[in-house]
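Student: please work out how this folds:
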Amino acid sequence: MSIKVEKINYKQVSQILSSEESHFLDLKSIDIKPAKLTRSLSAFANASGGEVYIGIDETKIDGKNQRT
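Tutor: Numbers count the residues shown, from 1 in each chain. The predicted model follows:
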């Protein structure tokens, strides 16, 4: 089984960073442990699917979470 990897443009990056996580969207840090990633992928496989974006970090700036 292979995982599809796609390159995205700046507009798509902005859209992803401003999206809220949900049952169909999950944002993960680049240093996610394989076991945790496996749980996320399994949850999507057992539901109606979804999208996982890896490499998105959150930091707190001025009391708000900012994604980078």
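Student: so the closest residue to A47 other than its chain neighbours versus S48, what's the distance?
Tutor: Using CB to CB, 6 or more residues apart in numbering and skipping the chain neighbours, the partner closest in space to A47 is H23 (6.6 Å). For the C-beta atoms, the positions are set from N, CA and C on the backbone; glycine is no exception. With distances taken as CB to CB, to the nearest Å, H23 is found 8 Å from S48.
Student: more crowded one of the two?
Tutor: Relative neighbour count places H23 above the other of H23 and S48, with 11 against 7, counting by other CB atoms under 10 Å.
Student: show me the contact partners of the helix-or-strand element of the chain with minimal mean pLDDT.
Tutor: When the helices and strands of the chain are compared on mean pLDDT, DSSP states H and E, strand 64-67 comes out lowest with a mean of 79. Contact with strand 64-67 is made by 17, 27, 56-60, as judged by CB atoms under 8 Å, 6 or more residues apart in numbering.
Student: any idea where the helices of the protein begin and end?
Tutor: Here the chain has its helices, by DSSP state H, at 10-17, 34-45.
Student: in contact with E51, which residues?
Tutor: 24-26.
Student: on that earlier part again, direction included, what does the least confident helix or strand of the chain pair against?
Tutor: For strand 64-67, the paired strands and their directions (DSSP bridges) are strand 58-61 (antiparallel).
Student: list every C-alpha atom in stretch 21-34, with coordinates, as PDB.
Tutor: Coordinates of the C-alpha atoms in stretch 21-34 are reproduced here as PDB (Å, rounded to 0.1, in the frame of the first residue of the first chain):
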ATOM      1  CA  GLU A  21      -9.300  20.000  12.200                       C
ATOM      2  CA  SER A  22     -12.300  17.700  12.000                       C
ATOM      3  CA  HIS A  23     -13.400  14.200  11.400                       C
ATOM      4  CA  PHE A  24     -12.100  14.600   7.800                       C
ATOM      5  CA  LEU A  25      -9.000  16.700   8.400                       C
ATOM      6  CA  ASP A  26      -6.000  16.100  10.700                       C
ATOM      7  CA  LEU A  27      -2.800  18.200  10.900                       C
ATOM      8  CA  LYS A  28       0.300  16.600  12.300                       C
ATOM      9  CA  SER A  29       3.800  17.700  13.300                       C
ATOM     10  CA  ILE A  30       6.700  16.400  11.200                       C
ATOM     11  CA  ASP A  31       8.000  14.600  14.300                       C
ATOM     12  CA  ILE A  32       4.900  12.500  14.900                       C
ATOM     13  CA  LYS A  33       5.500   9.000  16.200                       C
ATOM     14  CA  PRO A  34       4.600   6.200  13.800                       C
END
